[in-house]
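> Build the 3D model from these lines:
(chains A and B, ligands or ions: 3)
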Amino acid sequence: MKISLTVNGAQRAFDVHPGDTLLEVLRREGYKGVKKGCGAGDCGACAVLLDGRAVNSCLVLAGKADGSEVLTIEGLSKDGALHPLQEAFLDEGAVQCGYCTPGMIIASLDLLTHHPDPNEEEIREGIAGNLCRCTGYTKELRAIQAAAEKMREARHG
Amino acid sequence: MGLPSVKEFVRPGTLDEALELLRERGERAWPIGGGIDLVLFAPREVETVVDLGRLPLRYVRENEGRISIGAIATLREVLESPVVRDYLGGVIPEMLHQVASPLLRNLATIGGTLVSANPWSDVITLFLALGADVVLSDGKTRTIPLEKLYPARALRATILTEVRLPSSARESAAAFWKFSRTAFDVALLNCATFVRMVGGRCVEARVVAGGTPQLGARLPRAEACLVGSGLDDSSIERAAEAARESADVREDRRASADYRRELVLVGVKRSLHEARGRLAGGER
Ligand SMILES: Cc1cc2nc3c(=O)[nH]c(=O)nc-3n(C[C@H](O)[C@H](O)[C@H](O)COP(=O)(O)OP(=O)(O)OC[C@H]3O[C@@H](n4cnc5c(N)ncnc54)[C@H](O)[C@@H]3O)c2cc1C
Ligand code: FES
Ligand code: FES
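Ligands and ions are numbered 1, 2, ... in the order given. Below is the predicted model:
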């Protein structure tokens, strides 16, 4: 079957098997920033924004995304400039092996878009579905706090 | 990965179309809300996926204190809805914050969650305690208590369209309690309680324990200890003891039956104290 998606702002049409997951389709089409970890909703490595909300793309049947907007990690930077979340993850040293990072940043983006000024507990809950085997989460927490601040400043000019 | 047996993915725009598809295709057609369980458990017989995501069932509404939630509202949409924020002291968002992860709550629908009958379900445990009804349609519409949905499980060519919660009478309160190893793991045990008081006496009580590891179920012997009482410490104590004795707890890879039996006692007690505190706090 054919589906059409807007991926990172670009209109795309894909030929998919009706039982494919969105994760399979995105990776097949070259969006390799979307990672496969568990394939079962446990790790969050596969997170993408689907119509503005972060979901586990390993559990979304591709047909469900037909006509939707998808944002992957590849679509976050603008004209070569990193998104404040990406910058903050680098600045705070919140990336080690990096496998969890795309999903972690997508989940954080959902959080900060809907709650621009989260407290520590809200940030922890916001990334509760994203496993990281390297960092111990403290640096991610700091990175998300730093990004939140930058994004609020940018908003208020 | 994915569902190799699936030959067809359809997204009907109306309930009639969806039911027609389910009737026509028979057992090989499965409706989905979020589709999480379908992808995870990948039943081999499924050939047609009927995505309910385009049906006009995405809402959370209030009418004279009663709440209606459309089947395809996501857990996130329910969690963030102003309509449920103050219902019975905010017990619904309190529970939903403890369900899975934000990523999964963006995907899981209330209809799929209730029909899935996953034994660890926190949503089902609380909604049983709240006395929820569900609206089912197979062409004809009927409303049944959520409790009645489970014994009758096989929903053939039937769609759950809406869940309804009764108006929260004055002097009623509810509480939810979940015990798990990590914030994200499913419950080793969950429980929910609801009480309604008239003139200082309890006239209605529901006590539910779930993840036992079976699906949430009411504990009538515990409820009987509460009705007629003033919800004093000793009747709460008796109810918690009765819950421990009567809950059908078992062992699985997460916990032993003995451990769960103690959890039932603690959970019911804490949840009832919490509910009583909410009454005293003057919340609805
Ligand atoms: C890693 C993980 C952790 C989780 N942790 C928890 C937790 O701690 N607590 C908790 O409560 N839940 C938890 N869940 C969520 C829960 O287990 C289910 O996966 C989820 O609620 C299913 O929702 P859905 O909309 O995707 O259902 P679907 O997969 O869409 O549907 C489930 C079933 O219901 C049928 N169906 C769907 N909608 C309808 C309808 N409207 N009418 C008739 N039939 C229908 C489908 O055919 C299917 O059989 C967790 C899930 C995962 C993956
Ligand atoms: S790969 Fe999707 S949650 Fe792990
Ligand atoms: S940086 Fe390695 S898993 Fe998170």
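
> Find the centremost residue of the chain, please.
You didn't pick a chain, so chain A it is. For chain A, the residue nearest the mean C-alpha position is residue A:106 (2.1 Å; CA atoms, centre = their mean).

> I was after chain B.
Central residue of chain B (CA atoms, centre = their mean): residue B:124, at 1.8 Å.

> quick one: it from chain A, how far?
18 Å (CB to the nearest CB, to the nearest Å). Where you see a C-beta, it was placed from the backbone N, CA and C, and this is true even at glycine.

> Need phi/psi at residue A:3.
When read as degrees, to the nearest 10, the backbone of residue A:3 gives phi -130, psi 150.

> how many neighbours does the closest residue to it other than its chain neighbours have?
Spatial nearest neighbour of residue A:3, chain neighbours left out: residue A:66 (4.0 Å); criterion: CB to CB, 6 or more residues apart in numbering or on different chains. When neighbours are counted by other CB atoms under 10 Å in any protein chain shown, residue A:66 registers 19.

> Quick one, grab the pLDDT at residue A:66.
Confidence at residue A:66, expressed as pLDDT, is 98.

> for residue B:154, same thing?
pLDDT, read off for residue B:154, is 65.

> now residue A:59: how far from ligand 3?
Here the criterion is CB to the nearest ligand atom, to the nearest Å. By it, residue A:59 lies 20 Å from ligand 3.

> contacting residues for that residue?
When contacts are counted by CB atoms under 8 Å, 6 or more residues apart in numbering or on different chains, residue A:59 is found next to A:21, A:40-41, B:34-36, B:39-40, B:104, B:107.

> What of residue A:115?
Residues counted as contacts of residue A:115 (CB under 8 Å, 6+ apart) are A:122, A:126.

> ok, and what's touching stretch B:259-270?
B:175, B:177, B:179, B:188-191, B:193, B:207, B:209, B:212-213, B:219, B:222, B:236-237, B:239-241, B:243-244, B:247, B:249-251, B:255.

> Next one, pLDDT for the residue lying closest to residue A:84 once chain neighbours are set aside please.
Leaving aside its sequence neighbours, residue A:84 sits nearest to residue A:150 (CB to CB, 6+ apart; 4.1 Å). The model reports residue A:150 with a pLDDT of 95.

> The one 5 residues further on now?
For residue A:155, the model assigns a pLDDT of 85.

> That one and residue A:116 touch, don't they?
Yes. Between residue A:155 and residue A:116 there is a contact at 7.1 Å, judged by CB atoms under 8 Å.

> Quick check: the residue nearest to residue A:3 vs residue B:58, distance?
Look at residue A:66 and residue B:58: by CB to CB, to the nearest Å, they are 17 Å apart.

> what does residue A:152 give?
31 Å.

> before we move on, what about residue A:128?
Taken as CB to CB, the span from residue A:128 to residue B:58 is 24 Å.

> for residue B:111, same thing?
For residue B:111 relative to residue B:58 (CB to CB), the value is 10 Å.

> Common neighbours of those two, please.
Common contact partners of residue B:111 and residue B:58 (CB under 8 Å, 6+ apart): B:70, B:72.

> The two - which one has more neighbours?
residue B:111 (26 against 17).

> Which strand or helix spans the more buried one?
Using DSSP states H and E, the element containing residue B:111 is helix B:110-116.

> mind listing what the closest residue to ligand 1 within chain A touches?
Nearest to ligand 1, among the residues of chain A, is residue A:41, at 3.2 Å (CB to the nearest ligand atom). Residues near residue A:41 by CB under 8 Å, 6+ apart: A:56, A:58-59, A:129, B:36, B:40, B:100-101, B:103-104.

> Same check on residue A:70?
Residue A:70 makes contacts with A:5-8, A:22, A:26, A:48-50, as judged by CB under 8 Å, 6+ apart.

> Just those: which are in strands?
By the criterion of DSSP state E, membership of these in strands covers A:5-7, A:48-50.

> Test my guess that residue A:3 contacts residue A:18.
No. With contact defined as CB under 8 Å, residue A:3 does not reach residue A:18; the gap is 9.6 Å.

> tally of neighbours for residue 130?
With no chain named, the answer covers chain A. 29.

> sorry, should have said chain B
25.

> tell me the phi and psi of the residue nearest to it when sequence neighbours are not counted?
Excluding the flanking residues, the one nearest residue B:130 by CB to CB, 6+ apart is residue B:165, at 5.4 Å. Backbone torsions for residue B:165, taken as degrees, to the nearest 10, come to phi -110, psi 140.

> Next, work out how far apart residue B:278 and residue B:271 are.
With CB to CB as the criterion, residue B:278 and residue B:271 are 11 Å apart.

> Looking only at neighbour counts, state which of these two leads.
Each of residue B:278 and residue B:271 has its neighbours counted (other CB under 10 Å); residue B:271 has more, 28 against 20.

> Please, which helix or strand holds that one?
Element membership for residue B:271 (DSSP H and E) is helix B:257-280.
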